[in-house]
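Asker: coordinates only, sequence not included:
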Ligand code: 5AD
Ligand code: SF4
């Protein structure tokens, strides 16, 4: 989501004459787009701001250039005051719902003055209605935000507070943005939302209401769109129409990131997840009926307050039973203002560390087994960018695996049938089967 937001900030600032640069030394303005989901991500902001302070003072001393520094995203939303106190060299603070106003903030910011412009409202206006339609090229695989915010209030999570209430963009606006992406050369779109499958769009003209499954079907009809994905989903919103889309829609990739967080019913209840372990198994069964080869990924939190050895063992047996092709896992991290942060039964740090290591070992073994099971198979790979070594390119398989291959940058944007030669821990190596298979 932050990648998408950063791109849109660049779009918003383009009419004011700004363009992206990768080197902070070249920049007239540096925007740090931030994440508040865990303490580590949040703390990183302040160390990064220390580095940017030096960039700013070097530019002033050596080039007589006044660089503007902005902090955007959820840390800005949650800790705007603290940022201006701890890092007074920051000129602007802008939350995730107001970054369309960046050009106005820039006009107000005075890099010579020791003042800050702060905009962390949850405004009535919707940023998507006000951001410029024109956007900078996004490449062959692009994100498209369709939903934001969350009303689920899991007891560990800051998202409902930093991103605000659940909101769905209208279908017509999403389709229009998809058309523009495709016209700019994008062939794969990943629909984004904190709770993407809670999307409930409508067209003002027809007042029809529909879920993500229907949106996926409409997008699949767009000429030139070769692949669709969506993330992140909540188990409670996996309705029949969406599950059936995995059976019916060719361009919908056989991959789903469906976080469960814990395999223990006791912990799921304490997390306020509103579903149990068996509910998740039932969803997976239905998904596998619809799309037998679907690859599953998830998120897990270990050491949630009150998590016993038995609860953790339930998570391990859960992962064993589901069989993930990859997953993200985290130690529980106290977040300010969330109910779980004030729970008295916090888990010992060493126990969290040990559980995380055990869980990650299991996930890694599942991931490696899956990558190895692909050896010898031929599958279409979207080639996205240079692979880091001379003559190497990288792309994605339908199952979201990173694929490395010998090739050159003229292949970028093509979907090529490739034979998987070797499955490794975090990627697979592949070779082109034949040129005629280019789709
Ligand atoms: N501690 C640890 N992990 C968290 N996540 C969200 N909040 C916390 C927290 N307080 C994880 C969840 C979520 C992912 C985006 O981040 O697993 O799915
Ligand atoms: Fe956070 Fe996801 Fe729970 Fe919403 S559903 S509160 S975004 S973990």
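Answerer: Sure, I can see it. Model, not experiment: these values are computed from the prediction. Numbering: from 1, shown residues only. Ligands and ions are numbered 1, 2, ... in the order given.

Asker: so residue 427 bridges to which residues?
Answerer: residue 402 (DSSP bridges).

Asker: how far away is it from ligand 2?
Answerer: Separation of residue 427 from ligand 2 (Cβ to the nearest ligand atom, to the nearest Å): 28 Å. Bear in mind the C-beta positions are built from the backbone N, C-alpha and C, glycine included.

Asker: swap in residue 376?
Answerer: Plainly put, residue 376 is 38 Å away from ligand 2 if you go by Cβ to the nearest ligand atom.

Asker: which SS state does that residue fall under?
Answerer: Following DSSP: H, G, I helix; E, B strand; the rest coil, we place residue 376 in the coil state.

Asker: Go ahead and confirm it touches residue 422.
Answerer: No: the criterion here is Cβ atoms under 8 Å, and residue 376 misses it with residue 422 at 10.1 Å.

Asker: can you pull the contacts of residue 393?
Answerer: Taking Cβ atoms under 8 Å, 6 or more residues apart in numbering, we find residue 393 in contact with 383, 385, 386, 387, 404, 405, 406, 407, 408, 409, 411, 412.

Asker: what is the residue of the chain found nearest ligand 1 paired to in the beta sheet?
Answerer: Scanning the chain for proximity to ligand 1 using Cβ to the nearest ligand atom identifies residue 299 as nearest, at 3.3 Å. Bridge pairing for residue 299 (DSSP bridges) gives the partners residue 328.

Asker: Now for it, how many residues are close by?
Answerer: When neighbours are defined as other Cβ atoms under 10 Å, residue 299 has 14 of them.

Asker: Can you pull the phi/psi pair for the residue nearest to residue 110 when sequence neighbours are not counted?
Answerer: Computed as Cβ to Cβ, 6 or more residues apart in numbering, the closest residue to residue 110 that is not its neighbour in sequence is residue 91, at 7.9 Å. Backbone geometry at residue 91, expressed as degrees, to the nearest 10, gives phi -90, psi -30.

Asker: Residue 292 sits in which helix or strand?
Answerer: Assessed by DSSP states H and E, residue 292 sits outside every helix and strand.

Asker: Look up how far residue 246 lies from it.
Answerer: Shown here: residue 292 relative to residue 246, a distance of 10 Å by Cβ to Cβ, to the nearest Å.

Asker: for residue 181, same thing?
Answerer: Residue 181 sits 22 Å away from residue 246 when distances are taken as Cβ to Cβ.

Asker: wait, residue 162 sits on residue 80?
Answerer: No: taking contacts as Cβ under 8 Å, residue 162 lies outside contact range of residue 80: 11.0 Å.

Asker: The host helix or strand of residue 384 packs against which elements?
Answerer: Using DSSP H and E, residue 384 sits within strand 378-386. Counting contacts by 3 or more Cβ pairs under 8 Å, 6 or more residues apart in numbering; DSSP states H and E, strand 378-386 packs against strand 392-396, strand 402-406, strand 415-423.

Asker: Pairing partners for the longest one, with directions?
Answerer: What it means is strand 415-423. Partners of strand 415-423 in its sheet, by DSSP bridges: strand 378-386 (antiparallel), strand 427-432 (antiparallel).

Asker: Tabulate the ones you listed (CSV), appending mean neighbour count and mean pLDDT.
Answerer: Formatted as CSV, these follow (neighbours: other Cβ atoms under 10 Å; pLDDT from 0 to 100):
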stretch, mean neighbour count, mean pLDDT
strand 378-386, 20, 97
strand 427-432, 19, 97
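
Asker: any chance of those in JSON lines, with distance to residue 87 too?
Answerer: Below are the strands paired with strand 415-423 laid out as JSON lines (distance: least, Cβ to Cβ, whole Å):
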{"stretch": "strand 378-386", "distance to residue 87": "33"}
{"stretch": "strand 427-432", "distance to residue 87": "38"}
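
Asker: Out of those strands, which is closest to residue 231?
Answerer: Residue 231 sits nearest to strand 378-386 of all the strands paired with strand 415-423, at 16.2 Å, using Cβ to Cβ.

Asker: Taking their axis directions, that closest one and strand 402-406 sit at what angle?
Answerer: Orientation check (axes from the mean of the first three to the mean of the last three Cα atoms, to 10 degrees): strand 378-386 against strand 402-406 gives 80 degrees.

Asker: Make 673 the first number, not 1, from now on.
Answerer: Sure thing, new numbering starts at 673, so read that last one as strand 1050-1058.

Asker: what about the strands in the stretch 823-972 of the chain?
Answerer: Taking DSSP state E, counting those that start in this stretch to define them, one finds strands in the stretch 823-972 of the chain at 839-840, 860-864, 873-874, 881-882, 899-903, 927-929, 967-974.

Asker: weakest of these by average pLDDT?
Answerer: Note on the strands of the stretch 823-972 of the chain: lowest mean pLDDT is at strand 873-874, with a mean of 72.

Asker: Which residues of the stretch 673-822 of the chain lie near ligand 2?
Answerer: residue 822 (Cβ under 6 Å from any ligand atom).

Asker: what sits against the closest residue to ligand 2 within the stretch 673-822 of the chain?
Answerer: Ligand 2 sits closest to residue 822 of the stretch 673-822 of the chain, with a gap of 3.3 Å, by Cβ to the nearest ligand atom. Shown in contact with residue 822 (Cβ under 8 Å, 6+ apart): 829, 831, 832, 835, 837, 838, 866, 867, 870.

Asker: Which members of those are classed as buried?
Answerer: Among the contacts of residue 822, the ones that count as buried by 16 or more other Cβ atoms under 10 Å are 829, 831, 832, 835, 838, 866, 867, 870.

Asker: Of those residues, which belong to helices?
Answerer: Among those, the residues falling in helices (DSSP state H) are 831, 832.

Asker: Go back to the buried ones among the contacts of residue 822 and keep what's next to ligand 1.
Answerer: Residues of the buried ones among the contacts of residue 822 in contact with ligand 1 (Cβ under 6 Å from any ligand atom): residue 829.
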